[in-house]
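> just to be clear, the model below is a prediction. Sequence and coordinates:
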Amino acid sequence: MSTGSLLGKIAVITGGSKGIGAATAQALVALGAKVVINYSRDGSAAEHLVQKVLGADNAHAVQADAGSIQGIESLVAATVAKYGKIDILIPNAGILPMRDVENTTEADFDQAFNLNVKGPFFLVQKALPHMARGSTVVLISTTQNHASTVNGPYTLYCATKGAVEQLVRTMSKDLLAKKGISVNAVAPGPTGTELFYQGKSEQLLKMIASFNPNNRIGTPEEVAAAIAFLSGDGAKWISGQTIRVNGGQA
């Protein structure tokens, strides 16, 4: 399967300054796209990525709250002002609250659903007027929605990602029929981002790696490669799918 060139394409990546988002930005730029990197707080990481890694001619950083309507509208407006259109939309920003039923507060619930579900939904809505036929949306789910090893503290997170997968299932039919826009998702397994490694002991990391038939943790670049594929012409006959990118773990 070939991704193909993304020359002339404009991509928007929320949560794009680190981890899977940053790796995806690099993958898309390598294929010829220009990217808008959205970030919430860490402007220095975003500017470093734009200036030192991607190149200022290839990328533009925009600060915005990807879980609020106002933030989403400002991100879309900044993208259109800079590049005039949107071809690839990747609502990657998310939060992973470790909360079982007994320990979930209303604030936890609202924060998780705002960033993980409301944000992607309304980002697609606000971007649509600027997306032509053949454009793509790639949402982010999680292998935890399909893993037998999942446990209680993932309850809230998996609820948000279950909603994302339903968006893919129904939004893909709607947008493809009306506008010729495909909608898919990737569902990464454990992936070695800075956030993933934070607070985990070496023993725990070895245990997580042992769940995978490759006996290792995935890399952001491996997930980014799948996102890049779904963003390109090589995937133009794929829509409504959630692709599990986990090295065969689930």
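All right, it came through fine.
> ranges for the strands of the protein?
Applying DSSP state E to the chain gives strands spanning 10-13, 34-39, 59-63, 88-90, 136-140, 182-188, 242-245.
> what angle separates the third one from strand 34-39?
In this structure, strand 59-63 runs at an angle of 30 degrees to strand 34-39, with axes from the mean of the first three to the mean of the last three C-alpha atoms, to 10 degrees as the basis.
> strand partners of strand 59-63, parallel vs antiparallel please.
strand 34-39 (parallel) (DSSP bridges).
> ok, residues contacting the strand it pairs with?
Applying C-beta atoms under 8 Å, 6 or more residues apart in numbering, the set of residues contacting strand 34-39 from outside is 9-17, 21-22, 25, 28-29, 45-46, 49-50, 54, 58-64, 66, 75, 78-79, 82-83, 93. To be clear about C-beta, it is placed using only N, CA and C from the backbone, and glycine gets the same treatment.
> go again with 6 Å.
10-14, 16-17, 25, 28-29, 46, 58-64, 66, 75, 79 (C-beta atoms under 6 Å, 6 or more residues apart in numbering).
> keeping just the C-alphas, turn that strand into PDB.
Taking Å, rounded to 0.1, in the frame of the first residue of the first chain, the C-alpha atoms of strand 34-39 are listed here in PDB:
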ATOM      1  CA  LYS A  34       2.000  21.800   4.900                       C
ATOM      2  CA  VAL A  35       0.700  21.500   8.500                       C
ATOM      3  CA  VAL A  36      -0.900  23.600  11.100                       C
ATOM      4  CA  ILE A  37       0.300  22.500  14.500                       C
ATOM      5  CA  ASN A  38      -2.300  23.200  17.200                       C
ATOM      6  CA  TYR A  39      -1.100  23.300  20.900                       C
END
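> what does the average pLDDT come to for that strand?
Mean pLDDT, strand 34-39: 98.
> tell me where the chain has helices.
Taking DSSP state H as the criterion, the chain carries its helices at 19-30, 43-48, 69-83, 106-113, 119-127, 155-179, 194-197, 202-210, 220-231.
> to Gln249, which of those helices lies closest?
Smallest distance to Gln249 across those (C-beta to C-beta): 9.7 Å, for helix 202-210.
> which residues sit against that closest one?
For helix 202-210, contacts defined as C-beta under 6 Å, 6+ apart pick out 190, 215-217.
> closest to the centroid, which residue in the protein?
Centroid-nearest residue in the chain: Asn92, 2.5 Å away (criterion: C-alpha atoms, centre = their mean).
> check what pLDDT that residue gets.
98.
> where does this structure have its least confident helix or strand?
helix 194-197 (a mean of 85; mean pLDDT, DSSP states H and E).
> for it, buried residues please.
If you call a residue buried by 16 or more other C-beta atoms under 10 Å, then helix 194-197 has these buried ones: Phe196.
> can I get it as PDB, trimmed to CA atoms?
C-alpha atoms of helix 194-197 as PDB (Å, rounded to 0.1, in the frame of the first residue of the first chain):
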ATOM      1  CA  GLU A 194       6.700  11.300  26.600                       C
ATOM      2  CA  LEU A 195       3.300  11.300  28.300                       C
ATOM      3  CA  PHE A 196       3.100   7.500  28.100                       C
ATOM      4  CA  TYR A 197       6.400   7.000  29.900                       C
END
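> begin at 19, not 1, for the rest of this chat.
With 19 as the first residue, the last one maps to helix 212-215.
> ok, Gly37 touching Thr211?
Yes: Gly37 is within contact range of Thr211, at 3.5 Å (criterion: C-beta atoms under 6 Å).
> shared neighbours of the two, which are they?
Joint contacts of Gly37 and Thr211 (C-beta under 6 Å, 6+ apart) are Pro238.
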